[in-house]
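Visitor: How does the following fold in three dimensions:
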Amino acid sequence: MARPKLGQHFLVKGRTLERIAKAACGEHTPLAVEIGPGRGALTEYLLARADRVVAIELDSALAEYLRERLCSDRHGGDSRLEILEANALDVDWSQWGAGVLVGNLPYYVATPIVSRYARAPGSLRQAVFLVQKEVAERIAAKPGGREYGYLSVECQLFTETEILFTVPRGAFQPPPRVESAVIRLTPRSALPVHDPAAFLAFVSTCFRQKRKTLRNNLAGVYAPERYESRPEIARRAEQLSVAELVTLYQAVAEGASAVV
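Guide: Residues are numbered from 1 along each chain as shown. So this is what the prediction gives:
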């Protein structure tokens with residue numbers, strides 16, 4: 001039985017499960033760390049492509065169900081599977097070594113999980129997540145659209161982001177109220193800024209009132225002489241690419257102290 005309060009909508013369509021497993025693991029990976037295995041439908045597809053699977057499940061009843069169904073000797077349990085009962089946000093996902101991160105993320109916790117992976121992927125070379133379609137569109141959004149915002153910049157600063165495919169409501173049990181999409185995040189080998197935290201604080205300021213121009217959002221935070229000569233300040237933050245925001249940051253905020 002799914003528990004809607006925990007955002008549980010179990011993916012049951014086999015073809016979609018296979019596509020997610022293949023996107024995450026390719027033909028083979030030494031390790032797959034799965035967030036939110038639920039009843040283990042995706043877990044079984046991951047075991048077919050990984051030497052080892054660590055599944056992190058918050059729901060104690062589901063964790064016990066998985067141990068009985070997939071790990072118990074009575075059911076021909078697979079010793080390559082480890083079930084960890086925990087909140088995924090409290091776990092060091094890299095502690096098991098090199099591999100991939102994958103999961104059907106509960107909608108209420110998808111953004112913090114994606115954000116954390118983008119900032120600190122550790123030894124996990126890519127992440128493939130099933131998330132609400134709206135969240136996927138925000139993560140992969142390009143400048144100029146209403147979906148483009150702080151989350152887009154944060155994820156695209158640290159990773160290459162792509163939407164792989166959409167998943168209809170009918171592929172779940174029970175069906176959610178919204179459509180979903182599968183995204184892939186691949187960490188960048190180099191970043192365009194030396195201090196990502198400082199840059200993202202600047203980006204947050206740029207987007208603090210999204211419909212206002214950069215001049216309005218920067219006013220009172222940085223000395224006017226640092227930005228008034230910049231042509232970008234007549235535009236809104238949502239119109240600037242990550243590269244353009246980096247250039248503006250380096251001109252306005254890098255090494256500067258806020259005035260308020």
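Visitor: Would you list the strands that the helix or strand hosting residue 83 pairs with, along with their directions?
Guide: Assigned by DSSP states H and E, residue 83 falls within strand 81-85. Strand pairing for strand 81-85, determined by DSSP bridges: strand 53-57 (parallel).
Visitor: what residues does the strand it pairs with touch?
Guide: Contact with strand 53-57 is made by 31-38, 40, 43, 46-47, 63, 66, 80-86, 88, 91, 96, as judged by C-beta atoms under 8 Å, 6 or more residues apart in numbering. Just so you know, the C-beta spots here come from the backbone N, C-alpha and C atoms, and that holds for glycine as well.
Visitor: same question, stretch 195-210
Guide: With C-beta under 8 Å, 6+ apart as the criterion, stretch 195-210 contacts 119, 149-150, 153-154, 157-158, 193, 214, 216-218, 221, 236-238, 240, 245-246, 248-249, 252-254.
Visitor: again, only using 6 Å
Guide: 149-150, 153-154, 193, 214, 217, 221, 237, 245, 249, 253 (C-beta atoms under 6 Å, 6 or more residues apart in numbering).
Visitor: Could I get the average pLDDT for it?
Guide: The pLDDT scores in stretch 195-210 average 96.
Visitor: Tell me the gap between stretch 104-120 and the middle of its chain.
Guide: How far stretch 104-120 lies from its chain's middle: 4 Å, per C-alpha atoms, centre = their mean, to the nearest Å.
Visitor: er, stretch 212-219 I mean
Guide: 29 Å.
Visitor: for stretch 178-186, same thing?
Guide: 9 Å.
Visitor: just stretch 121-137 next, same as before
Guide: The chain centroid and the centroid of stretch 121-137 are separated by 4 Å under C-alpha atoms, centre = their mean.
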